[in-house]
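S.K.: Requesting a structural model of the entry that follows:
(one chain, ligands or ions: 1)
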Amino acid sequence: NRQWQLASRPAAEPRTADFRLRELAIPEGPRRGEVLLRNRYLSLDPYMRWRMNDAKSYAPPVGLGEVMVGATISEVVASEAEGLAPGDLVVAGGGWQDYALQPAAAVRRIDSDGVEPIAYLGALGSPGFTAYAGLMKIAQPQPGETVVVGAATGPVGSMVGQLARSAGCSTVAIAGGAEKCGLARSHFGFDAAVDHRDANFKDRLAAACPKGIDVYFENIGGPVLDAVIPLLNDFARVPVCGVISQYNGAAGMPATTPLDTLMRNALVKRLTLRGFIVTDFAEYRDEFIAKVAPLVTSGAIARLEDVVDGLERAPEAFVGMLRGANRGKLIVRID
Ligand code: NDP
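M.R.: Numbers count the residues shown, from 1 in each chain. The predicted model follows:
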């Protein structure tokens, strides 16, 4: 059983020397409820870079000397589980190795339905589903809107673009280089594609989004996000799926700017960021008064006003407030 283990933790870009190939015995088993798998295909995904860091994240790091994790298309070679028989093909987390022992509950049988099994690692696998969930459930694209996605020729981005297009949106790909931009348009049907390595990327992105951006499906972070932000329309939605431009940061992934920190935390902690203006909630004003006015009147809710005398002192009071000089609600008594 050939097995790739994590040998060292990269501080920046990973090197091949960070992995070590070991020849081990085929795992013994299966025991009750398990299957022994022969891995046929291994999916390589951006998240694996995170797992190489010894840092707290949404999933534990791979330990030094441990097998690298990864989704696989695998063949059942021995089974002690109901419903799974030798010869069955499954999607599993078989890892970077020839054989894996897995609980049956952790694998999903692929019923041959005319699609090549490897599709279950891409368009019909985790990446495709990621695109579907982020776009359809979070962003909820509406016909006529502009949807922008980076890593647009990869399995996530390409699915985002195609689902958005079928929802009646105008779709803009961000990809690295002319060839990938061409692929985004010709193979995946994006309406426009912009090269993030182009020196005029910012301007070209703006030109490709003449009506602004309603949905930015975030896969990239960093300078791409920086170029996107000014183009976002009111009520734009930004599903934060990945920030791949940060993955090669040193262990613990120190972010380079506060924006990077925010986006990494938004992703890892599944934050919902939603801007609002109070007037958006005008329909609840009467409800607010009805519930809160009695509490203020009775003193159950305290209030504090800082009253400054004389209109002439308004500017100084205002400037002071911005420095924190006010104690409570700043009010000018005009006369
Ligand atoms: P891809 O197969 O598209 O591979 C990654 C691509 O990212 C590269 O080919 C490259 O494309 C682009 N890229 C890498 N570095 C940079 C950079 N510095 N600036 C801009 N682009 C860069 O990956 P996936 O489709 O599998 O994943 C896409 C994103 O989705 C990733 O951020 C990933 O972490 C995230 N993801 C999140 C999941 C979740 O549950 N939240 C699940 C699955 C994926 P190019 O040459 O076009 O720039």
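S.K.: In this protein, where is pLDDT below threshold?
M.R.: 250-255 (pLDDT under 70).
S.K.: Okay, buried residues for stretch 64-73 please.
M.R.: Residues of stretch 64-73 classed as buried by neighbour count (16 or more other CB atoms under 10 Å): 67-73. Just so you know, the C-beta spots here come from the backbone N, C-alpha and C atoms, and that holds for glycine as well.
S.K.: ugh, wrong one, stretch 318-330
M.R.: 326, 330.
S.K.: what do you get for stretch 82-91?
M.R.: Result for stretch 82-91 [16+ other CB under 10 Å]: buried residues 84, 88-91.
S.K.: before we move on, back to that, same list, the buried residues of stretch 64-73, but as JSON lines with distance to residue 30 and secondary structure please.
M.R.: Listed next are these as JSON lines, based on distance: CB to CB, whole Å; DSSP: H, G, I helix; E, B strand; the rest coil:
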{"residue": "67", "distance to residue 30": "17", "secondary structure": "strand"}
{"residue": "68", "distance to residue 30": "22", "secondary structure": "coil"}
{"residue": "69", "distance to residue 30": "20", "secondary structure": "coil"}
{"residue": "70", "distance to residue 30": "20", "secondary structure": "coil"}
{"residue": "71", "distance to residue 30": "20", "secondary structure": "coil"}
{"residue": "72", "distance to residue 30": "16", "secondary structure": "strand"}
{"residue": "73", "distance to residue 30": "18", "secondary structure": "strand"}
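S.K.: what number of residues lie near the closest residue in space to residue 72 that isn't next to it in sequence?
M.R.: Leaving aside its sequence neighbours, residue 72 sits nearest to residue 94 (CB to CB, 6 or more residues apart in numbering; 3.3 Å). By other CB atoms under 10 Å, the residues close to residue 94 number 28.
S.K.: pretty sure residue 94 contacts residue 68?
M.R.: No - using CB atoms under 8 Å, residue 94 is not in contact with residue 68; the gap is 10.8 Å.
S.K.: Show me where the protein has its helices.
M.R.: For the chain, applying DSSP state H gives helices covering 47-51, 126-132, 155-166, 178-186, 201-208, 222-228, 258-268, 285-298, 314-322.
S.K.: OK, contacts around residue 205?
M.R.: 148, 172, 174, 194, 227-228, 231 (CB atoms under 8 Å, 6 or more residues apart in numbering).
S.K.: oh sorry, the question was meant for residue 335
M.R.: Residue 335 neighbours (CB under 8 Å, 6+ apart): residue 311.
S.K.: returning to that earlier point: looking at the helices of the chain, which is nearest to residue 78?
M.R.: For these, proximity to residue 78 was assessed by CB to CB; helix 126-132 is nearest, at 26.0 Å.
S.K.: The residue nearest to residue 228 when sequence neighbours are not counted pairs with what?
M.R.: Spatial nearest neighbour of residue 228, chain neighbours left out: residue 216 (5.0 Å); criterion: CB to CB, 6+ apart. Taking DSSP bridges as the rule, residue 216 bridges to residue 148.
S.K.: How about the stretch 51-200 of the chain: which residue is closest to the ligand?
M.R.: residue 154 (1.7 Å; CB to the nearest ligand atom).
S.K.: That residue against residue 127, yeah?
M.R.: Yes - Residue 154 lies in contact with residue 127 (CB under 8 Å); the separation is 7.3 Å.
S.K.: what about those two, which has more around it?
M.R.: Between residue 154 and residue 127, counted using other CB under 10 Å, residue 127 has the larger neighbour count: 24 against 21.
S.K.: hey, where'd the strands end up in the chain?
M.R.: 2-6, 19-23, 34-42, 72-79, 89-92, 99-103, 108-109, 146-150, 170-175, 192-195, 213-217, 232-237, 305-309, 329-333 (DSSP state E).
S.K.: In contact with the closest residue to residue 97 other than its chain neighbours, which residues?
M.R.: If the residues on either side of it in the chain are set aside, residue 97 comes closest to residue 3, at 3.9 Å by CB to CB, 6+ apart. Shown in contact with residue 3 (CB under 8 Å, 6+ apart): 21-24, 67, 95-98.
S.K.: Fine by me, we can end here.
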